[in-house]
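In: give me coordinates for this.
(one chain, ligands or ions: 2)
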Amino acid sequence: MQQERCSSSDRPLDPGSLLECDAERSADRLGCAAVDFPVAVVLPAGGSGERMGLATPKQFCTILNRPLISFTIQAFERLSWIGTVVVVVAKENHDLMLNIVQKFNHTKVKVVHGGTTRHRSIFNGLQAFSSTTDSLTPKPKVVIIHDAVRPFVEEDLLLKITLAAKEQGASGAIRPLVSTVIATTSEGYLDHSLERAKYRASEMPQGFLYDIIFQAYQRCSEFDFEFGSECLHLALQYCGTNAKLIDGPPTLWKVTYKRDLAAAEAIIKETLSMSACIIAGAEAEAVELAKALQKNLKMMETDVIPCAKESNTEYLSKTRNFIHISTTASNFSGTLDMVKRFEDIDHARLYPVVVVWVQLNMTNQSVDSQKTEELRAFRSLASEVILGNVLLYGIQIDHTKVPEQWERSVERLAEITVALIRDRNAALTGQLLHA
Ligand SMILES: Nc1ccn([C@@H]2O[C@H](COP(=O)(O)OP(=O)(O)OP(=O)(O)O)[C@@H](O)[C@H]2O)c(=O)n1
Ligand SMILES: O=P(O)(O)OC[C@@H](O)[C@@H](O)[C@@H](O)CO
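Out: Ligands and ions are numbered 1, 2, ... in the order given. Here you go, the predicted structure:
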């Protein structure tokens with residue numbers, strides 16, 4: 001029974017941002033042509049995440065063993081028309097942030113210290129840019145300000161925000177209100193409600209001509225610094241610059257509560273599970289099973305490639321899910337070779353790679369009695385490669401010439417495979433499940 005997939009609008013429109021690897025960086029087709037001026041980013045990440053209710057500030061909470069902030073940074077770093085990404089963190093998180101930069105190879109990041117409020121942190125971030133030409137962090141023409149806890153931001157929206165900021169001086173993403181806004185009396189009663197259709201939620205990213213937003217922060221009051229939450233307001237109030245508002249997709253939401261983190265994890269897993277590559281061994285039965293499995297994996301975009309093409313890296317940038325089919329005649333050496341390749345090209349640095357070894361049992365006996373040593377070796381390999389962020393699972397399927405039995409076994413194989421790919425649960429690695 002196929003689980004209902006979340007609607008496409010609930011998921012980043014461009015899964016490529018989650019699938020590309022450095023070697024196969026997808027061409028940021030839009031931005032390169034349209035942006036002929038320096039663009040930089042400030043990511044305020046200096047908060048404590050009180051509403052999340054966890055000891056770890058939410059920007060450092062992990063999804064698939066990776067801090068939330070790293071996903072947001074990557075959404076900007078992957079675009080060649082974007083320059084420095086200034087990340088503003090609390091002083092006590094400086095080293096933690098540097099470790100994240102190093103572990104996930106974030107190449108455009110400059111880390112600066114935040115302040116006691118979001119506005120103070122943003123201003124500290126803006127001050128990291130220097131007007132001197134020889135500075136390592138040159139002043140940009142346009143600066144994008146984006147909460148570090150909003151991991152899903154698409155290239156086309158960033159481009160619209162950037163070009164609008166260049167033309168208008170300021171721009172900001174908006175979303176329809178979900179709840180009606182009301183004003184209350186001091187006694188806690190309804191004073192009046194706002195006509196919801198006339199209002200929008202102010203989201204991020206926001207874009208500004210650097211000089212305008214820097215000047216606005218230089219002019220704003222202590223009250224603004226202490227209690228303000230809207231950069232667009234500062235540009236209007238202190239520089240007379242009226243922001244161009246741009247409708248954004250539903251994925252713009254800010255991770256604030258635990259439910260938001262769970263939703264972000266679900267969307268990332270859903271996006272990573274959209275495709276798979278099936279590698280069939282040389283044997284005819286393995287090729288037959290690969291094609292039958294592909295028919296059952298209807299909810300995924302799948303490629304079936306022969307063993308010989310394993311060295312071909314073209315499929316590595318398309319997916320992070322690999323199903324390697326071998327018969328009992330051959331062991332899992334082919335799977336081992338593939339896993340070693342992932343390590344060589346650092347394919348699993350940003351997202352865990354799933355490898356499902358499908359063992360097609362052509363004998364009439366249970367594999368367990370025959371191949372205990374091989375199963376022990378498989379478990380040992382799984383515990384080794386998980387250190388490189390590769391999740392190795394095993395599924396055994398017994399071959400049969402009885403069509404109904406074979407069809408049911410292949411359906412079960414597909415169901416188990418989808419569950420393993422979608423959940424990416426480390427606890428099941430090294431196990432040989434049975435379809
Ligand atoms: N002094 C602060 C406060 C907030 N932020 C950042 O501003 C963004 C949006 O703020 P918010 O969601 O309010 O984060 P927190 O202040 O951490 O959350 P809470 O209000 O629940 O404590 C976050 O990336 C947060 O890290 C910041 O850089 N400096
Ligand atoms: O108020 P918080 O600090 O929770 O979050 C900041 C948000 O207000 C801000 O990101 C948008 O409203 C756009 O300004």
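In: residue 303 contacts residue 290, correct?
Out: No - Residue 303 is not in contact with residue 290 according to Cβ atoms under 8 Å; the separation is 10.1 Å. Heads up, the C-betas are built off the backbone N, CA and C, glycines and all.
In: show me which residues of the helix or strand hosting residue 342 are buried.
Out: Using DSSP states H and E, residue 342 maps to helix 333-344. By neighbour count on 16 or more other Cβ atoms under 10 Å, the buried set for helix 333-344 is 334, 335, 336, 338, 339, 342, 343.
In: could you dump these to JSON lines with distance to residue 40?
Out: What follows is the buried residues of helix 333-344, written out as JSON lines (distance: Cβ to Cβ, whole Å):
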{"residue": "334", "distance to residue 40": "46"}
{"residue": "335", "distance to residue 40": "44"}
{"residue": "336", "distance to residue 40": "44"}
{"residue": "338", "distance to residue 40": "39"}
{"residue": "339", "distance to residue 40": "39"}
{"residue": "342", "distance to residue 40": "33"}
{"residue": "343", "distance to residue 40": "34"}
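In: so residue 303 is in which element?
Out: strand 301-306.
In: for that strand, packing partners?
Out: With contacts taken as 3 or more Cβ pairs under 8 Å, 6 or more residues apart in numbering; DSSP states H and E, strand 301-306 sits against strand 275-280, helix 284-296.
In: paired strands for the very next helix or strand once past it, with orientation please.
Out: Scanning forward in sequence from strand 301-306 by DSSP H and E, the next helix or strand is strand 321-327. Note on strand 321-327: by DSSP bridges, its sheet partners are strand 275-280 (parallel), strand 353-361 (parallel).
In: and the angle for strand 321-327 with helix 284-296?
Out: Here strand 321-327 runs at an angle of 150 degrees relative to helix 284-296 (axes from the mean of the first three to the mean of the last three Cα atoms, to 10 degrees).
In: return the distance of strand 321-327 from the chain's centre.
Out: When distances are taken as Cα atoms, centre = their mean, to the nearest Å, strand 321-327 is centred 25 Å away from the chain's centroid.
In: before we move on, back to that, mind listing the shared neighbours of residue 303 and residue 290?
Out: residue 278 (Cβ atoms under 8 Å, 6 or more residues apart in numbering).
In: comparing those two, which shows the higher neighbour count?
Out: residue 290 (22 against 15; other Cβ atoms under 10 Å).
In: which residue sits closest to that one in space, ignoring its chain neighbours?
Out: residue 280 (3.7 Å; Cβ to Cβ, 6 or more residues apart in numbering).
In: so the one you found sits against residue 304, correct?
Out: Yes - look at residue 280 against residue 304 with Cβ under 8 Å: they come within range, at 6.3 Å.
In: ok, these two, which is more surrounded?
Out: residue 280 (26 against 16).
In: just checking, what packs against the helix or strand hosting residue 421?
Out: Secondary structure from DSSP H and E places residue 421 in helix 403-423. Using 3+ Cβ pairs under 8 Å, 6+ apart, the elements in contact with helix 403-423 are helix 258-272, helix 284-296, strand 353-361, strand 390-398.
In: report the secondary structure state of residue 147.
Out: Under DSSP: H, G, I helix; E, B strand; the rest coil, residue 147 falls in the coil class.
In: contacting residues around it?
Out: Neighbour list for residue 147: 43, 44, 204, 254 [criterion: Cβ under 8 Å, 6+ apart].
In: looking at those, which is nearest ligand 1?
Out: Of all these, residue 44 has the smallest distance to ligand 1: 3.1 Å, by Cβ to the nearest ligand atom.
In: quick check: closest non-adjacent residue to that closest one.
Out: Counting by Cβ to Cβ, 6+ apart, the nearest residue to residue 44 once its immediate chain neighbours are dropped is residue 121, at 4.5 Å.
In: and that neighbour, how many neighbours?
Out: Residue 121, neighbours per other Cβ under 10 Å, totals 24.
In: swap in residue 70?
Out: 25.
In: over to residue 136?
Out: Neighbours of residue 136 (other Cβ under 10 Å): 8.
In: repeat for the one 3 residues further on
Out: Other residues near residue 139 come to 18 when the count uses other Cβ under 10 Å.
In: which residues touch it?
Out: The neighbourhood of residue 139, defined by Cβ under 8 Å, 6+ apart, consists of 38, 129, 130, 131, 210.
In: equivalent analysis for residue 161, please.
Out: Here residue 161 is in contact with 144, 171, 172, 173, 205, 206, 207, 246 (criterion: Cβ under 8 Å, 6+ apart).
In: most neighbours out of those residues, which is it?
Out: Taking other Cβ under 10 Å as the neighbour criterion, residue 207 ranks highest of those with 32 neighbours.
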